[in-house]
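[1] all I have is the shape, not the residue letters:
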């Protein structure tokens, strides 16, 4: 019998495969020496030749991220991820990073095969002071307008969290006296009620073609 997390992964895989097949997903190819810390599609994910502009189609690969990897990351940052969020980063290696369904434009870390959790860690570290006041950064709103965050103080009965974004131009400095939850809650703007709603909006119910997944968008 499948565990809840395994069922979540099946749900993620179903819709990731459909979106990938329907819309085509080229991205910038990684250059030699293929450093895992560099951005771009790693060679093992190439699904055809690299074009003259450095773009390449990429393929989904079964994720090598384990439950232990996810638990280690949760322990590192002192958080607990929603189950569907954990499934999102442990179902496939993928290069999905920009989503524009005509209703909302958001950016999420991809999960390349040579560094599957690196991009997510990079985003959390970039906005790490927000963790101190109950926000877990995990993406960006629009084209980098500000961090997309889970509001950790508003967990629902399924262990998921409301998602908000905060304008980076309005963020006070972490050492400022007004860098508090009370201040930030006035700046935080609601985006989704949960990661499940985000996934449904951007993968399940999104129109075809999904903008933001190819270089011509």
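    Alright, I've got the coordinates. Worth saying up front: this structure is predicted, and the values here are computed from it rather than measured.

[2] what about residue 81, neighbour count?
    23 (other CB atoms under 10 Å). C-beta coordinates here come from the backbone N, C-alpha and C atoms, glycine included.

[3] same deal with residue 13?
    16.

[4] which intervals of the chain have sub-threshold pLDDT?
    1-3, 207-217 (pLDDT under 70).

[5] now for the residue nearest to the spatial centre of it: which residues touch it?
    Centroid-nearest residue in the chain: residue 108, 3.0 Å away (criterion: CA atoms, centre = their mean). Residue 108 sits next to 96, 97, 99, 138, 139, 148 when contact means CB atoms under 8 Å, 6 or more residues apart in numbering.

[6] which of those residues are buried? Put it as a PyMOL command.
    Buried residues among the contacts of residue 108 (16 or more other CB atoms under 10 Å), as a PyMOL selection:
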select buried, resi 96+97+99+138+139+148
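
[7] is it possible to get CSV of the contacts of residue 108 that adds secondary structure?
    Below are the contacts of residue 108 laid out as CSV (DSSP: H, G, I helix; E, B strand; the rest coil):
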residue, secondary structure
96, coil
97, coil
99, strand
138, strand
139, strand
148, strand
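
[8] just the strands from this structure, written as ranges.
    Per DSSP state E, the chain carries strands over the ranges 26-28, 55-57, 61-62, 92-93, 98-100, 105-107, 135-141, 146-151, 163-165, 189-192.
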